[in-house]
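Trainee: build me a model from this:
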Amino acid sequence: MKVLVADAFEASGLASLRQAGCDVVYEPELTGDALARAIGSSAADVLVVRSTQVTESMLDAGRLSLVVRAGAGVNTIDVAAASRRGIYVSNCPGRNSIAVAELAFGLMLALDRRIPDNVADLRAGRWNKKEYAKARGLHGRTLGLLGFGSIGQEMAVRAAAFGMTTVVWSRRFGREGGLEMAELRPGSAIQVMPSPQAVAEASDVLSVHLALTPETRNFVGAEILDRLRPGSIFINTARAEIVDHAVLTEAVRARGIRVGLDVFPEEPGAGTAAFTPPLAALPGVYGTHHIGASTDQAQEAIADEAVRVIRVYSQTGHVPNVVNLATRTPATHRLVVRHRDRPGVLAHVFDKLRAWNLNVQETENVIFEGASAAVASIHLDGEPPAELIHAIEHGSDDILSLQVVKI
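Mentor: Predicted structure coming up:
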C-alpha cells in the first residue's frame with residue numbers, strides 16, 4: 001500500500017509505516033496544486049495530513065481510498081466530496097487531549113497572574129511588583145466548559161487538582177444532573193448545566209471545547225458572552241470559527257473580559273508569516289500560535305494512532321475512527337440467503353436484484369467451518385416481491401433457503 005504523507009509527521013511514525021510494509025512518500029511541504037499533482041503521480045492509496053487543506057480536486061487527482069487526519073478535527077478535509085467518491089476519512093481523536101488541556105490551563109494561569117506582561121516589563125528593565133501582585137487566583141473559582149469530549153474531560157481533571165468547581169454543557173447530556181462516573185476520571189466530578197448560557201452565568205473561567213460543525217459556527221456569540229461577569233476569563237483552544245469575534249472584541253473593551261486564544265480567524269497557512277489579528281492587540285488578550293496539540297508527547301501519540309489506522313486498513317480493509325460512513329442507510333429489508341459456498345451464487349442473486357431495480361445497501365457473507373456453506377445478509381432499499389424471491393430460489397441449485405426480514 002502506498003502512503004503519501006503531506007504534512008510534518010514523526011520520524012517514528014514513518015518508520016512504523018515502512019515496517020508495516022507500506023511504500024511511504026514523505027513530502028511535508030505539499031499544498032494546493034502541488035499536492036494534487038503528487039496525489040496523481042504517486043498513485044497513493046492513502047493520504048496523511050495534519051492542517052493541510054484537502055479539496056475536491058485533490059480527491060479527483062489520483063486513486064486515493066483513505067485520507068487520514070493526523071489530529072482530531074476534519075474540517076480541513078472536504079468530507080462530503082470524499083463520501084461521494086467512496087473515499088474513507090479517518091482521524092485520531094483524543095490523542096492530543098492532554099496537550100490541549102495543558103495549554104488551556106497555561107493560558108488561564110497566564111491571564112490570572114499576567115505572566116506575559118510580567119516578563120515583558122522585566123525584559124524592558126521595569127520592576128512593577130505593586131501592579132502585578134494583584135491577582136484573583138483560581139482556587140475556589142468556577143470553570144465552565146462548553147463541550148465535554150476527551151479534551152473537556154481532561155480539563156475537568158485539572159480543574160479538580162486546582163480546587164476549582166466545574167460546570168459543563170454538552171449535547172451529549174440532555175438534562176441537568178449527574179453523569180455516569182465511569183465516563184470521568186477520578187477527581188473530576190462536575191455539574192451539568194441545562195444550557196450554554198447557564199454555564200457562562202456560573203463561570204469565572206469559560207473554556208470552549210466544541211468541534212466545528214455547521215451547527216457550532218459562531219455558536220459562542222452575544223447570548224453566551226454577555227452572560228459572563230465583568231473581568232471573567234474566556235479561553236478558546238478549539239476552532240476560531242466557533243466564536244463571534246466581533247462580539248468577543250466588544251466584551252473585552254466594554255466589560256474587561258480577559259481572553260486567551262490559541263486559534264484565530266484567517267490564520268496563515270505557513271509555519272511563519274506576518275499576522276496581526278486585531279483582537280490579539282487588545283489589553284487583557286493573550287494569544288498563542290495554534291500550538292495546542294504541538295507537544296512531543298501529543299505528536300508521537302497521534303503518529304502512533306495514524307499508523308494503527310493505516311495498518312488495520314491495509315490488513316483487514318476496515319478503517320478505525322472513520323468519520324464518513326452513513327449511520328443509517330435507506331435500507332428497508334434484509335434478504336438472508338443461506339447458500340453453498342460456490343462461485344457464481346451471489347452473482348446470481350445480485351443479477352436478479354438488479355433486474356428488479358433493487359439497490360444493495362450493505363452486504364455481509366459469513367462462511368461456515370469447512371467452507372462448504374455460507375449465509376449472506378443483503379440489505380435492500382425496498383421489499384423484494386414474491387416473484388423475485390421465487391426467481392432467486394429456483395434459479396440456482398446452490399441456494400439452500402431465503403428469508404426476507406423487514407428492518
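
Trainee: and the nearest residue to residue 265 once chain neighbours are set aside, what does it touch?
Mentor: Spatial nearest neighbour of residue 265, chain neighbours left out: residue 240 (4.8 Å); criterion: C-beta to C-beta, 6 or more residues apart in numbering. C-beta here means a position set from N, CA and C on the backbone, and glycine is covered the same way. The neighbourhood of residue 240, defined by C-beta atoms under 8 Å, 6 or more residues apart in numbering, consists of 261, 263, 264, 265, 267.

Trainee: surely residue 371 meets residue 341?
Mentor: Yes: using C-beta atoms under 8 Å, residue 371 is in contact with residue 341, at 5.4 Å.

Trainee: which one of the two has more residues nearby?
Mentor: Comparing residue 371 with residue 341 by neighbour count (other C-beta atoms under 10 Å), the higher total belongs to residue 341, at 16 against 8.

Trainee: separation between residue 172 and residue 145?
Mentor: Per C-beta to C-beta, to the nearest Å, residue 172 is found 12 Å from residue 145.

Trainee: so which of these two has more stuff around it?
Mentor: residue 145 (29 against 13).

Trainee: surely the more buried one is in a strand?
Mentor: Yes: Residue 145 sits within a strand when classified using DSSP: H, G, I helix; E, B strand; the rest coil.

Trainee: for the residue nearest to it when sequence neighbours are not counted, give me the pLDDT.
Mentor: Nearest residue to residue 145, sequence neighbours excluded (C-beta to C-beta, 6+ apart): residue 168, at 4.3 Å. Per-residue pLDDT puts residue 168 at 96.

Trainee: residue 168 and residue 198 touch, don't they?
Mentor: No: counting by C-beta under 8 Å, residue 168 does not reach residue 198; the two are 10.3 Å apart.

Trainee: those two: who's more crowded?
Mentor: Per other C-beta under 10 Å, whichever of residue 168 and residue 198 has more neighbours is residue 168, with 25 against 17.

Trainee: may I have the strands that pair with the helix or strand hosting that one, each with its orientation?
Mentor: Per DSSP states H and E, residue 168 falls inside strand 165-169. Using DSSP bridges, the strands paired with strand 165-169 are strand 142-146 (parallel), strand 191-192 (parallel).

Trainee: buried deepest among the ones you listed, which one?
Mentor: strand 142-146 (a mean of 26; mean count of other C-beta atoms under 10 Å).

Trainee: mind saving the C-alpha coords of that one as PDB?
Mentor: The C-alpha trace of strand 142-146 is given here as PDB (Å, rounded to 0.1, in the frame of the first residue of the first chain):
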ATOM      1  CA  THR A 142     -15.800  28.000  38.700                       C
ATOM      2  CA  LEU A 143     -14.600  26.600  35.400                       C
ATOM      3  CA  GLY A 144     -17.200  26.400  32.700                       C
ATOM      4  CA  LEU A 145     -16.800  24.000  29.800                       C
ATOM      5  CA  LEU A 146     -18.700  24.200  26.500                       C
END
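
Trainee: mind listing what's buried along the top helix by length along the chain?
Mentor: If you go by DSSP state H, the chain has its longest helix at helix 296-316. Neighbour counts over helix 296-316 (16 or more other C-beta atoms under 10 Å) mark 298-299, 301-307, 309-314 as buried.

Trainee: what packs against that helix?
Mentor: helix 11-19, strand 46-49, strand 66-69, helix 97-113 (3 or more C-beta pairs under 8 Å, 6 or more residues apart in numbering; DSSP states H and E).

Trainee: let me see the domain layout of this protein.
Mentor: 2-95+297-316, 97-292, 333-406 (automatic domain parsing).

Trainee: okay, those in CSV with distance to residue 322 next?
Mentor: As requested, the domains of the chain are exported to CSV (distance: least, C-beta to C-beta, whole Å):
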stretch, distance to residue 322
domain 2-95+297-316, 5
domain 97-292, 16
domain 333-406, 15
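
Trainee: lowest average pLDDT across those domains?
Mentor: Among the domains of the chain, domain 97-292 carries the lowest mean pLDDT (a mean of 91).

Trainee: that one spans what distance, first to last residue?
Mentor: 9 Å (C-alpha to C-alpha, to the nearest Å).

Trainee: with stretch 133-146 instead?
Mentor: 31 Å.

Trainee: for it, the distance to its chain's centre please.
Mentor: 29 Å (C-alpha atoms, centre = their mean, to the nearest Å).

Trainee: and if you look at stretch 191-198?
Mentor: Using C-alpha atoms, centre = their mean, the offset of stretch 191-198 from its chain centre is 23 Å.

Trainee: stretch 59-70 now?
Mentor: 17 Å.

Trainee: C-alpha coordinates for it, CSV please?
Mentor: These are the backbone C-alpha positions of stretch 59-70, laid out as CSV (Å, rounded to 0.1, in the frame of the first residue of the first chain):
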residue,chain,number,x,y,z
LEU,A,59,-9.6,13.8,-4.3
ASP,A,60,-10.1,13.6,-8.1
ALA,A,61,-6.4,13.7,-8.9
GLY,A,62,-5.5,10.1,-8.2
ARG,A,63,-6.6,6.8,-6.7
LEU,A,64,-7.0,7.6,-3.0
SER,A,65,-9.1,5.3,-1.0
LEU,A,66,-8.4,6.7,2.5
VAL,A,67,-7.5,10.2,3.9
VAL,A,68,-6.1,10.2,7.5
ARG,A,69,-6.2,13.4,9.5
ALA,A,70,-3.3,13.2,12.0
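
Trainee: so what touches it?
Mentor: Under C-beta under 8 Å, 6+ apart, the answer for stretch 59-70 is 7, 9, 36-37, 39-40, 42-50, 54, 76-78, 81-82, 85-92, 302-303, 306, 309-310, 313, 319.

Trainee: among those, the buried ones, what's the ChimeraX command?
Mentor: Of the contacts of stretch 59-70, the buried ones can be selected in ChimeraX as follows, counting by 16+ other C-beta under 10 Å:
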select :7,9,36,39,42,44,45,46,47,48,49,50,54,77,78,81,82,87,88,89,90,91,92,302,303,306,309,310,313,319
